[in-house]
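Asks: Please find the sequence and the predicted model below.
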Amino acid sequence: MEGRRERAYRGDTGATEDAPSRCPARPGDTAVQAGTGSSHVALGVVLRVRDGKLQVLLWQRAKPPAKGAWALPGGFLEARETLEESIRRHLAAKVDVRELAHLEQLETRSDPKRDPRGRQLATAYLGLVPSPVDPAVPADTRWHDVDSLPRMAFDHQEITLAGRERLRAKLSYTNVGFALAPEQFTLAELRDVYAAALGHDVSATNLQRVLLRRGVLEPTGERRESGPSGGRPPELFRFGARALEITDPFAVLRPPR
């Protein structure tokens with residue numbers, strides 16, 4: 001896997017940024033395919049929670065336009081693949097796709113002026129990585145806090161923020177927290193994950209009440225060891241399902257007043 005990702009990162013695909021061939025384009029490239037009048041790219045908003053922050057995976061462009069700006073990973077849609085196949089292929093060059101706990105289509109952007117070189121459609125996907133996972137990434141790629149994004153290429157900042165808002169909405173009415181949390185966790189640890197993703201404080205007691213009432217969480221029967229201060233060892237929980245489910249279509253996890 002590492003060898004394949006390294007080859008893709010170096011650009012050993014036979015394609016260039018400005019004139020893609022039938023071979024896969026360089027991951028994250030947003031150039032327009034020559035002679036076609038338009039092109040279609042798949043982009044990934046890959047999010048995780050780390051150190052109490054919601055982070056997004058970005059790579060730094062080495063060529064114009066937007067040289068030096070940060071961009072979402074992705075690339076051109078090939079003739080014989082679906083959009084999901086395309087984004088999984090491109091993400092494999094930046095992060096091990098097996099470490100994505102959830103992937104869903106986010107939106108399609110079609111502004112004729114979104115790329116200065118010509119017409120380009122962009123379909124974005126939202127991908128989530130569990131908090132304990134730390135995928136290896138190429139040298140030009142880093143995790144950035146969503147609340148303090150660097151200068152970004154094209155409309156990638158707007159797409160990133162759209163991914164954040166999709167995640168926040170789904171945390172209210174689905175079990176998507178399973179894709180951000182560890183496999184087992186205390187309620188305090190889960191609260192920290194939700195608070196980072198939602199952008200506001202969350203009560204562990206209320207979170208337990210809501211998620212247990214919906215049947216989202218289940219106790220493991222185990223407890224975490226007590227810390228230096230002692231006290232009763234906290235109970236460990238897990239998500240009952242590891243696939244997306246709608247748990248309450250009308251629920252909203254609102255910020256505290």
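Replies: All right, it came through fine. Numbers count the residues shown, from 1 in each chain.

Asks: how about S86, secondary structure?
Replies: helix (DSSP: H, G, I helix; E, B strand; the rest coil).

Asks: do the same with D192
Replies: Put simply, D192 is helix when judged by three-state DSSP.

Asks: What count of nearby residues applies to it?
Replies: Neighbouring residues of D192 were enumerated by other C-beta atoms under 10 Å; the total is 19. C-beta: built from backbone N, CA, C; applies to glycine.

Asks: And the residue lying closest to it once chain neighbours are set aside, how far from A42?
Replies: Sequence neighbours aside, G52 is the residue nearest to D192 in space, at 6.3 Å (criterion: C-beta to C-beta, 6 or more residues apart in numbering). Distance, G52 to A42, by C-beta to C-beta, to the nearest Å: 30 Å.

Asks: One more: R166?
Replies: From R166 to A42 the distance is 16 Å (C-beta to C-beta).

Asks: So between these two, which is more surrounded?
Replies: Using other C-beta under 10 Å as the criterion, R166 and A42 rank with A42 on top: 29 against 18.

Asks: wait, the more buried one sits on I87?
Replies: Yes: taking contacts as C-beta atoms under 8 Å, A42 lies within contact range of I87: 4.0 Å.

Asks: Where does the prediction get shaky in this protein?
Replies: For the chain, the stretches flagged by pLDDT under 70 are 1-37, 226-231.

Asks: how does it divide into domains?
Replies: 2-165, 174-239 (automatic domain parsing).

Asks: Now render the ones you listed as JSON lines, adding distance to E245.
Replies: Output for these, formatted as JSON lines (distance: least, C-beta to C-beta, whole Å):
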{"stretch": "domain 2-165", "distance to E245": "11"}
{"stretch": "domain 174-239", "distance to E245": "5"}
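
Asks: picking that back up, tell me the contacts of the residue nearest to D192?
Replies: D192, A195, A196 (C-beta atoms under 8 Å, 6 or more residues apart in numbering).

Asks: Can you tell me which of those residues is closest to G75?
Replies: Using C-beta to C-beta, the shortest approach to G75 within the contacts of G52 belongs to A196, at 29.0 Å.

Asks: Okay, the closest one and K67: tell me how far apart.
Replies: Going from A196 to K67 by C-beta to C-beta gives 32 Å.

Asks: Looking at the two, which is more packed in?
Replies: More crowded of A196 and K67, by other C-beta under 10 Å: A196, with 23 against 10.

Asks: ok, how many other residues are close to the spatially closest residue to the more buried one that is not a sequence neighbour?
Replies: Nearest residue to A196, sequence neighbours excluded (C-beta to C-beta, 6+ apart): V49, at 4.5 Å. By the criterion of other C-beta under 10 Å, V49 has 21 neighbours.

Asks: Secondary structure class of V49, three-state.
Replies: For V49, the assignment made with three-state DSSP gives strand.

Asks: Tell me the residues that contact both of A42 and I87, please.
Replies: G74, T123, Y125.

Asks: I figured the second one was touching E107, is that so?
Replies: Think T123. Yes: using C-beta under 8 Å, T123 makes contact with E107 at a distance of 7.5 Å.

Asks: neighbour-wise, which of these two wins?
Replies: Neighbour count, other C-beta under 10 Å: between T123 and E107, T123 has more, with 20 against 16.

Asks: so what's that one bridging to?
Replies: A42, T108 (DSSP bridges).

Asks: Please apply the same query to I246.
Replies: T174.

Asks: Tell me which helix or strand the residue nearest to F185 when sequence neighbours are not counted sits in.
Replies: Distances taken as C-beta to C-beta, 6+ apart place F237 nearest to F185, at 6.2 Å, with adjacent residues excluded. Per DSSP states H and E: F237 is located in strand 235-239.
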